[in-house]
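Peer 1: Pasting a predicted model and its sequence here:
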Amino acid sequence: MTDRADATEVVRRGYDALSWRYRADDASAANYGPWIDELLTSLTEPSRVLDVGCGCGIPVSRDLAAAGHEVIGVDVSEVQVQRARKLVPAATFIQADVTTLEFPSRSYDAVVSLYSIIHVPLQSQPTLLRSIANWLVDDGLLLLTAGWESWTGSEPSWLDGNATMWWSHADVDTYRRWLNEAGFRVLREEFVPQGETGHSLFWVRRAERAGMFERFTNDARRVIVMAQEAARRLDHNYIGTEHILLGLRHADAGIAAEALDRLGISPAAVQAEVQEVVGRGQLPPVGHIPFTPRVKEVIELSWRAAAELNHDYVGTEHILLGLISEREGTAAQVLVNLGVDLDAARAVVIGLVPAGSAGGEGAGGSRRRDIDREPQRRDTVAELRDEIDGLQGEIARLRQLLTHHGITADPGD
């Protein structure tokens, strides 16, 4: 079953038919109890909480409402929502497919989604996570249970009843990546056993919207993710310009990849030259990996390149132009060592994206990010300097940064 509407209908019918069998009116919090207690501890003031896949409202909506929080629950099952309205009258419940809903940006302090995203078709799950990130305030909390191993399937006679149930799981690594790409920083993840396998439990917070990455295209965001991964693979305790170049080359997407192809710069060549120039680190990095000052400058230069080309987005082409314009970093050295003339390289990139063109990575269709529907144009690049310090927090939205207390590495190049 691949059709989203069909899958949603199977889930709706299943919970409509077996609502009471799934959870009784007087059911205890059971294994949800410790999670709810920790959530309540985190919500130190009366908060607005969205319960995604709220079911009959027991126990999450019930316990949050009892603690004085404003709770809005959403569930696809009409029967579940009718029960929730009776069982938890202090909360508000909406019967709908959550993937079709729109809430105002920054309208919730916390979102709870326990065993619900796995009922959403896999192709719709990243979009839902991005929506949740948009609905949360900065530093807002998401408590999420998701898949541990990749699996999609159904179970006839679910709960020994007369209905079928359907699920779709990605694996834990995919969920971690989706969360970071959606704008979350992962605080903790756990394995929750069930039968021969289990589920992943994520505690995540919405990264502060520093603005720097809000207009990055998906390809550009992927470059930053892969830059961090490159630093980890090389046991480097910083993210330098060389890692950004590795990210551009290994992401192998967007206009920068096409430009590097035209320049004859292969991923293997970049990898080998970076290792030749900077070598490997001594120990695997622990905790947050900081940007170097040169990388912050490259990000600013990327914004400047976008502004000069009259683009309201930052794509991989602008990041590559930033690296070229910076000229003093390891990335520029690597390119020169590989026989690249930096002025010629700039001309190649500019030739692929004419100034003022609407046809770059940020143009319409699926390639343009729609997170910020009406972005405000910045008047000057100087305004961005106030946001540079927020970049360290923003890297967490793109890839998991371990939360163990550990060393903060001295920046490299």
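Peer 2: Alright, I've got the coordinates.
Peer 1: Pass me the low-pLDDT residue ranges in the stretch 101-250 of the chain, would you?
Peer 2: Scanning the stretch 101-250 of the chain for pLDDT under 70 picks out 208-214.
Peer 1: all strands of it, in order?
Peer 2: 108-113, 136-147, 151-155, 165-169, 184-194, 197-206 (DSSP state E, counting those that start in this stretch).
Peer 1: so can I have TSV of those strands showing distance to S77 and mean neighbour count?
Peer 2: The way it works is simple: take the backbone N, C-alpha and C, and place the C-beta from them, glycine included. Below are those laid out as TSV (distance: least, CB to CB, whole Å; neighbours: other CB atoms under 10 Å):
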stretch	distance to S77	mean neighbour count
strand 108-113	15	24
strand 136-147	18	22
strand 151-155	16	13
strand 165-169	11	21
strand 184-194	21	16
strand 197-206	20	21
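Peer 1: Mind checking these for the one nearest to S124?
Peer 2: Nearest to S124, of all the strands of the stretch 101-250 of the chain, is strand 165-169, at 9.1 Å by CB to CB.
Peer 1: and the nearest residue to F202 once chain neighbours are set aside, bridged to which residues?
Peer 2: Sequence neighbours aside, L144 is the residue nearest to F202 in space, at 4.5 Å (criterion: CB to CB, 6 or more residues apart in numbering). Taking DSSP bridges as the rule, L144 bridges to S113, F202.
Peer 1: Next up, the contacts around L144.
Peer 2: 113-114, 117, 175, 179, 201-202, 204 (CB atoms under 8 Å, 6 or more residues apart in numbering).
Peer 1: which other residues reach stretch 10-29?
Peer 2: Outside stretch 10-29, the residues touching it (CB under 8 Å, 6+ apart) are 1, 36, 55-56, 58-59, 63, 75-80, 83, 87, 119, 154, 158-159, 161-166.
Peer 1: per the record, what domains does the protein have?
Peer 2: Listed by automatic domain parsing, the domain ranges of the chain are 4-206, 218-397.
Peer 1: What separation is there between E297 and L246?
Peer 2: Going from E297 to L246 by CB to CB, to the nearest Å gives 18 Å.
Peer 1: Between those two, which has more neighbouring residues?
Peer 2: L246 (25 against 18; other CB atoms under 10 Å).
Peer 1: for the more buried one, what are its contacts?
Peer 2: 226-227, 230, 270-271, 274.
Peer 1: Swap in 7 Å and give it another go.
Peer 2: Shown in contact with L246 (CB atoms under 7 Å, 6 or more residues apart in numbering): 227, 230, 270-271, 274.
Peer 1: T145 too?
Peer 2: Going by CB under 7 Å, 6+ apart, T145 touches 114-115, 192, 199-201.
Peer 1: Which parts of the stretch 251-400 of the chain are helices?
Peer 2: Under the criterion DSSP state H, counting those that start in this stretch, the stretch 251-400 of the chain contains helices at 254-262, 267-278, 293-308, 316-326, 330-337, 342-352, 391-394.
Peer 1: how far away is the most far-flung residue of the chain relative to its centre from W303?
Peer 2: Going by CA atoms, centre = their mean, the residue of the chain most distant from its centre is N162, 37.7 Å out. Counting by CB to CB, the gap from N162 to W303 is 58 Å.
Peer 1: ditto for E102
Peer 2: E102 is 29 Å from W303, by CB to CB.
Peer 1: More neighbours: which of the two?
Peer 2: W303 (21 against 8).
Peer 1: was I right about that one contacting D312?
Peer 2: No. The pair W303 and D312 fails to qualify as a contact (CB atoms under 7 Å) at a distance of 10.8 Å.
Peer 1: Would you check that R185 makes contact with F202?
Peer 2: No. The pair R185 / F202 is not scored as a contact, 10.8 Å apart, by CB under 7 Å.
Peer 1: any common contacting residues for those two?
Peer 2: Joint contacts of R185 and F202 (CB under 7 Å, 6+ apart) do not exist.
Peer 1: And the residue nearest to P285 when sequence neighbours are not counted, its phi and psi?
Peer 2: Of all residues not flanking P285 in the chain, N237 sits nearest, at 4.3 Å (CB to CB, 6+ apart). Main-chain dihedrals, N237, degrees, to the nearest 10: phi -100, psi 30.
Peer 1: ok, now E70?
Peer 2: The phi/psi pair for E70 (degrees, to the nearest 10) is phi -80, psi 120.
Peer 1: which residues touch the residue nearest to it when sequence neighbours are not counted?
Peer 2: Nearest residue to E70 in three dimensions, chain neighbours excluded: R48, at 4.7 Å (CB to CB, 6+ apart). Counting by CB under 7 Å, 6+ apart, R48 touches 70, 107-109.
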